[in-house]
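Enquirer: build the 3D model from these lines:
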Amino acid sequence: MIIGWHSRFAPVKNVPLVLEIASQLNDVMFLLSGGGPLFEKFKSDNPPNVRILSWQSPEVVSNSCDVVVSTSHNEGIPFSLIEASILEKPCIATKVGGTEETMGI
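Expert: Numbers count the residues shown, from 1 in each chain. The predicted structure follows:
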């Protein structure tokens, strides 16, 4: 199984949470894609099942994954989840901001 995360590497996106989840799911591969102010900080020293990619097109990341995850502390309109939904990928997200309305939950 491959879980994808596609966002900005910024405090509001809660990168440490997805890395914590990855450290507990050793048999699952995690692809993290994006750019932003914290990209260099999180580029190395991660669990062995985590691959940090630079910014990729959302469809490339989502098509490479079985599930897409969003760990944000806050969201307006979660575009990564919308893009994943268009590709019919299951999504797991924190219950923040516009996530519920966007995902129809």
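Enquirer: just checking, residue 76 touches residue 97?
Expert: Yes: between residue 76 and residue 97 there is a contact at 5.7 Å, judged by CB atoms under 8 Å. Placement of C-beta: from N, CA and C, glycine included.
Enquirer: ok, and the closest non-adjacent residue to residue 69?
Expert: Counting by CB to CB, 6 or more residues apart in numbering, residue 92 is the residue found nearest to residue 69 once chain neighbours are left out, at 4.8 Å.
Enquirer: and for that neighbour, the neighbour number?
Expert: By the other CB atoms under 10 Å criterion, the neighbourhood of residue 92 contains 13 residues.
Enquirer: need the longest helix for this protein.
Expert: helix 15-24 (DSSP state H).
Enquirer: chain center to the helix or strand just after that helix: distance?
Expert: Using DSSP states H and E, the helix or strand that follows helix 15-24 in sequence is strand 29-33. On the basis of CA atoms, centre = their mean, to the nearest Å, strand 29-33 sits 7 Å off its chain's mean C-alpha point.
Enquirer: tell me what strand 29-33 is packed against?
Expert: If you count contacts as 3 or more CB pairs under 8 Å, 6 or more residues apart in numbering; DSSP states H and E, strand 29-33 packs onto strand 2-6, helix 15-24, strand 50-53.
Enquirer: out of these, which one sits most buried?
Expert: Among the helices and strands packed on strand 29-33, strand 2-6 has the highest mean neighbour count (mean count of other CB atoms under 10 Å), at a mean of 24.
Enquirer: what pairs with that one, and is each one parallel or antiparallel?
Expert: Sheet pairing of strand 2-6 (DSSP bridges) gives strand 29-33 (parallel), strand 67-70 (parallel).
Enquirer: identify the residues contacting that strand?
Expert: 18, 22, 25, 28-34, 56, 58, 61-62, 64-71, 80, 83-84, 89 (CB atoms under 8 Å, 6 or more residues apart in numbering).
Enquirer: now those residues: which count as buried?
Expert: The neighbour count (16 or more other CB atoms under 10 Å) marks 18, 22, 29-34, 56, 58, 61-62, 65, 67-71, 80, 83-84, 89 as buried among the contacts of strand 2-6.
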